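In: No letters, just coordinates:
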């Protein structure tokens with residue numbers, strides 16, 4: 001009898017967790033969709049802009065290195 005109660009408890013807790021998680025995800029998605037959490041969106045946008053700036057810096061550095069390699073290979077030939 002104790003095993004049956006334990007199994008039923010585990011099933012009910014699992015169903016409750018799934019329902020609550022689904023409701024939380026749905027409300028958070030709809031809030032974001034309506035724009036109620038603009039702070040998170042602004043933070044994400046700033047992070048993307050920082051990433052783009054970093055990539056642009058890396059590209060500029062790579063161009064300099066390629067130019068140096070071209071000069072070295074011309075001198076070697």
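Out: Perfect, thanks for sending it. Just so it is clear, the model here is predicted, and its values are computed rather than measured.

In: which residue ranges form the helices in this structure?
Out: 2-34, 38-76 (DSSP state H).

In: In a markdown table: the ones you listed, plus mean neighbour count.
Out: C-betas here are computed from N, CA, C, even on glycine. As requested, the helices of the chain are exported to a markdown table (neighbours: other CB atoms under 10 Å):
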| stretch | mean neighbour count |
| --- | --- |
| helix 2-34 | 10 |
| helix 38-76 | 10 |
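
In: Please convert those helices to a markdown table, extending it with mean pLDDT.
Out: What follows is the helices of the chain, written out as a markdown table (pLDDT from 0 to 100):
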| stretch | mean pLDDT |
| --- | --- |
| helix 2-34 | 87 |
| helix 38-76 | 88 |
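
In: And the residue nearest the centre of this protein?
Out: Residue closest to the average C-alpha location in the chain (CA atoms, centre = their mean): residue 44, at 8.9 Å.

In: From residue 15, how far off is that one?
Out: 33 Å (CB to CB, to the nearest Å).
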